[in-house]
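Q: build me a model from this:
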Amino acid sequence: MSSVPSNEADSGLVSRFKKYRRKKIKKYGKKLIYSLERTLARASLVENKPFAETTEFPQLLEIEKNWEKILDEVRVILQQREAIPGFQEVSPDQHKLAIDGNWRTFFLYGFGTPFVKNSSQAPFTSKVIAPTENLQTAWFSILAPGYHIPHHRGVTKGILRYHLGLIIPKEFDKCRIRVGKEIRPWIAGKGFIIDDTFDHEVWNDTDEERVILIVDFDRPMKWWGRLINNTFLMLMRMTAFYQEPKKNMAIHEDRFEAAMKRANANLENLSERD
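A: Down below sits the predicted model:
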């Protein structure tokens, strides 16, 4: 009668425990998030609504003014599209929203910290977003033709999300986002802000790719709301929700950097032959 080696049995037990723990953290974490929403909404210094305009946040106007330079950088990055990870490759928690390479993400900042190698691929973009007060996350969101991101909700009321249209399908009205009960399309060179704790979903009902820049920043709040939100984010950084994507991003940054180096080397070889 064969027996399972003790180290394999221990490994399986640890794996099951980690899955159980993660499931419980997500379950009770969601309850905490929803209860915090009401508290943070009361602390907000701006109106609680699904959409806001860039003009309400002057710190973002410089980004929008330079959208064409940002577009130039993202076009170069997209030349190595296959090396850009799907969202679920960076954050496994997004597996229900991102399938295969239908929703690719190129992160520049995460939880206020720059991803240095990715940022070096978009130096102008990184420079123009850096002054954003209380910057949390920044990334290029690349949505495949015909893809639908199912409805979902964000993590905290303490963060607002800026969307800047970069590469938008010609039939722009068929490429849109619903936040709460309101629906808007993206327009190249124009931005808007959403509160992603409202239920939201995205459609790209065209045969063209959609690319936008997303910048997350702290919601203006009373001091006690900011304290609560900062404490919540600090605790989040200790969980797999943050630690796992951080580890995965290091791998994908290296992969993308290697792809760019190969492409540049190939161009140099061709120019030498000429």
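Q: and after the helix or strand harbouring residue 37, which helix or strand comes next?
A: With secondary structure defined by DSSP states H and E, residue 37 is part of helix 6-43. Using DSSP H and E, the next helix or strand after helix 6-43 towards the C-terminus is strand 51-53.
Q: can you list the strands that that next one pairs with?
A: Partner strands and pairing direction for strand 51-53 (DSSP bridges) are strand 191-194 (antiparallel).
Q: pLDDT below threshold where in the stretch 151-274 of the chain?
A: Residues of the stretch 151-274 of the chain meeting the criterion pLDDT under 70: 267-268, 270-274.
Q: try it again with 80
A: 239-241, 266-274 (pLDDT under 80).
Q: so where do the strands sit in it?
A: Assigned by DSSP state E, counting those that start in this stretch, the strands in the stretch 151-274 of the chain fall at 159-167, 175-179, 182-185, 191-194, 200-204, 210-218.
Q: so what does the fifth one touch, helix or strand wise?
A: In this case it means strand 200-204. Under the contact criterion of 3 or more Cβ pairs under 8 Å, 6 or more residues apart in numbering; DSSP states H and E, the helices and strands touching strand 200-204 comprise strand 148-152, strand 175-179. All C-beta spots, glycine's among them, are computed from the backbone N, C-alpha and C.
Q: may I have the last one exported as CSV, CA atoms only?
A: Only the C-alpha atoms of strand 175-179 are listed here, as CSV (Å, rounded to 0.1, in the frame of the first residue of the first chain):
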residue,chain,number,x,y,z
CYS,A,175,-17.2,51.9,-27.3
ARG,A,176,-18.6,53.0,-24.0
ILE,A,177,-18.7,52.6,-20.2
ARG,A,178,-21.7,52.5,-17.9
VAL,A,179,-21.2,53.8,-14.4
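Q: so which of the strands of the stretch 151-274 of the chain comes closest to residue 89?
A: Evaluated over these, closeness to residue 89 peaks at strand 210-218, with 17.3 Å, by Cβ to Cβ.
Q: next one: the closest one to chain centre, how far?
A: Centroid separation for strand 210-218 versus its chain: 7 Å, with Cα atoms, centre = their mean, to the nearest Å.
Q: report the backbone C-alpha coordinates of it in PDB.
A: Extracted in PDB, the C-alpha atoms of strand 210-218 (Å, rounded to 0.1, in the frame of the first residue of the first chain):
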ATOM      1  CA  ARG A 210      -9.500  51.000 -27.600                       C
ATOM      2  CA  VAL A 211      -6.600  52.400 -25.600                       C
ATOM      3  CA  ILE A 212      -7.000  54.800 -22.700                       C
ATOM      4  CA  LEU A 213      -4.800  56.100 -19.900                       C
ATOM      5  CA  ILE A 214      -6.100  55.500 -16.300                       C
ATOM      6  CA  VAL A 215      -4.900  57.500 -13.400                       C
ATOM      7  CA  ASP A 216      -6.200  56.800  -9.800                       C
ATOM      8  CA  PHE A 217      -5.800  59.500  -7.200                       C
ATOM      9  CA  ASP A 218      -7.100  60.100  -3.700                       C
END
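Q: strand partners (parallel or antiparallel) of it?
A: strand 135-143 (antiparallel), strand 159-167 (antiparallel).
Q: mind putting the ones you listed in a markdown table, distance to residue 207 included?
A: Converted to a markdown table, the strands paired with strand 210-218 look like this (distance: least, Cβ to Cβ, whole Å):
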| stretch | distance to residue 207 |
| --- | --- |
| strand 135-143 | 12 |
| strand 159-167 | 14 |
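Q: now these in a markdown table, with distance to residue 243 and mean neighbour count?
A: Listed next are the strands paired with strand 210-218 as a markdown table, based on distance: least, Cβ to Cβ, whole Å; neighbours: other Cβ atoms under 10 Å:
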| stretch | distance to residue 243 | mean neighbour count |
| --- | --- | --- |
| strand 135-143 | 15 | 22 |
| strand 159-167 | 19 | 22 |
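Q: now for these, which one comes closest to residue 241?
A: Distance to residue 241, taken as Cβ to Cβ, is lowest for strand 135-143 among the strands paired with strand 210-218, at 12.8 Å.
Q: residues contacting the closest one, please?
A: For strand 135-143, the external contacting residues (Cβ atoms under 8 Å, 6 or more residues apart in numbering) are 74, 77-78, 81, 84, 102-112, 122, 125, 129, 132, 149, 159, 166, 175, 202, 204, 209-218, 233.
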